[in-house]
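**Student:** Need a 3D model of the sequence below.
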Amino acid sequence: MNKLKLSSWILPLVSIILVALFLFPLYWLIVTSLKAEGEIFRSPPTWFPHTVYVKAYTEQLSGSSYNIFEGFKNSAIIAFGALAISTLLAVPASYGLARFKIPGTHLFLLLFLVTQMLPASLILTPLFIQFKHLGLIGSSYWGTILANATAGIPFSVVTLRTYFATLPKELEESAKIDGCGLFMTFVRIMIPIAVPGVVVAMVFSFLFAWGDLIFGMTFIGNEHMRPITAGIYNFLGFQSTSWNNTMAFGTVSIIPVVLIFIFIQRYIVSGLTNGAVKG
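**Tutor:** Numbering: from 1, shown residues only. Presented below is the predicted three-dimensional model:
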């Protein structure tokens, strides 16, 4: 009985501590963005700004130092483009790997997992050579979109494959009896049921592309077409760094990510938990 009482408050306490540890960098990011430069380097550090300094945010919105709205537009084009390509290719591929006995399925999945372990800098050179021959380097979003799609497709395939494997085969058999072909069964029955898993794949494909810096800096030569992550360099000087502007820029740039998790959290949780039932 005492063990049950002990575990009833230890587990919530441990959970609160872990959440606080993970959220502390975000808290420090926001707090630092609201401090003046002098207070940022004060020792001992202040846990909350003595005077709220909002000039860093007004400069972001006014575009005096960097056109953040242009950065948002560029990142949105790249992220949604990579999302569309990843989803269109990963959904049918994962369904095929889950439902059909294809020789080498486990090898395919192993290769997908290996690509997730490779750092972006390792595949940067071969991608640059290929895109240069295709004319995708310079003033075009396509090189960055395709490069980010290569990061999102393996994760989406691995995630959706386990999700489709959990769906009962009786659904396909019933659809076949009702006269549905393979394609119509996939489109009308399997995809609607697998919406939580598809949403998870779409969200992470979007996040991969939204947080990208190395591909955007390498494949896009026009500064006005680079993603919002490249704007951080406007506040990193040779002799000094404007830390409150840097932190304010980081805070504003993660707003879309926070909104995504707020509004579609239930789909993300459902997709991840259901997809983890069967490997």
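**Student:** Show me the shaky parts of the stretch 51-200 of the chain.
**Tutor:** 63-65 (pLDDT under 70).
**Student:** So which residues of it form helices?
**Tutor:** 55-62, 68-99, 105-117, 120-134, 142-166, 170-177, 182-185, 191-193, 195-210 (DSSP state H, counting those that start in this stretch).
**Student:** Turn the ones you listed into TSV, columns for mean neighbour count.
**Tutor:** In short, each C-beta sits where N, CA and C put it, glycine included. Below are the helices of the stretch 51-200 of the chain laid out as TSV (neighbours: other Cβ atoms under 10 Å):
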stretch	mean neighbour count
helix 55-62	16
helix 68-99	20
helix 105-117	13
helix 120-134	13
helix 142-166	23
helix 170-177	13
helix 182-185	13
helix 191-193	13
helix 195-210	22
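**Student:** Looking at those helices, spot the one closest to residue 17.
**Tutor:** Residue 17 lies closest to helix 195-210 among those, at 25.7 Å (Cβ to Cβ).
**Student:** What's the first helix or strand after the closest one?
**Tutor:** Moving toward the C-terminus from helix 195-210, the next helix or strand (DSSP states H and E) is helix 214-219.
**Student:** Now do that following helix: everything it contacts.
**Tutor:** 74, 78, 120-121, 124, 127-128, 131, 136-137, 140, 143-144, 147-148, 226-227, 229-230 (Cβ atoms under 8 Å, 6 or more residues apart in numbering).
**Student:** buried stuff in it?
**Tutor:** 215, 216, 218, 219 (16 or more other Cβ atoms under 10 Å).
**Student:** helices and strands around the very next helix or strand once past it, which ones?
**Tutor:** Counting by DSSP H and E, the next helix or strand C-terminal to helix 214-219 is helix 243-253. Applying 3 or more Cβ pairs under 8 Å, 6 or more residues apart in numbering; DSSP states H and E, one finds that helix 243-253 contacts helix 2-33, helix 37-40, helix 55-62, helix 68-99.
**Student:** go again using 6 Å as the cut-off
**Tutor:** Secondary-structure packing of helix 243-253 (3 or more Cβ pairs under 6 Å, 6 or more residues apart in numbering; DSSP states H and E): helix 2-33, helix 55-62.
**Student:** gap between residue 97 and residue 119?
**Tutor:** Per Cβ to Cβ, to the nearest Å, residue 97 is found 26 Å from residue 119.
**Student:** before we move on, what about residue 178?
**Tutor:** Distance, residue 178 to residue 119, using Cβ to Cβ: 48 Å.
**Student:** Turn the helices and strands packed on helix 243-253 into TSV, including distance to residue 183.
**Tutor:** Below are the helices and strands packed on helix 243-253 laid out as TSV (distance: least, Cβ to Cβ, whole Å):
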stretch	distance to residue 183
helix 2-33	43
helix 55-62	48
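**Student:** Of these, which is nearest residue 200?
**Tutor:** Taking Cβ to Cβ, helix 2-33 is the member of the helices and strands packed on helix 243-253 nearest to residue 200, at 19.5 Å.
**Student:** still on that earlier bit, just the helices and strands packed on helix 243-253: most buried one?
**Tutor:** Across those, averaging neighbours per residue (mean count of other Cβ atoms under 10 Å) puts helix 55-62 on top, at a mean of 16.
**Student:** any idea of the angle that one forms with helix 68-99?
**Tutor:** Between helix 55-62 and helix 68-99, the angle comes out at 80 degrees (axes from the mean of the first three to the mean of the last three Cα atoms, to 10 degrees).
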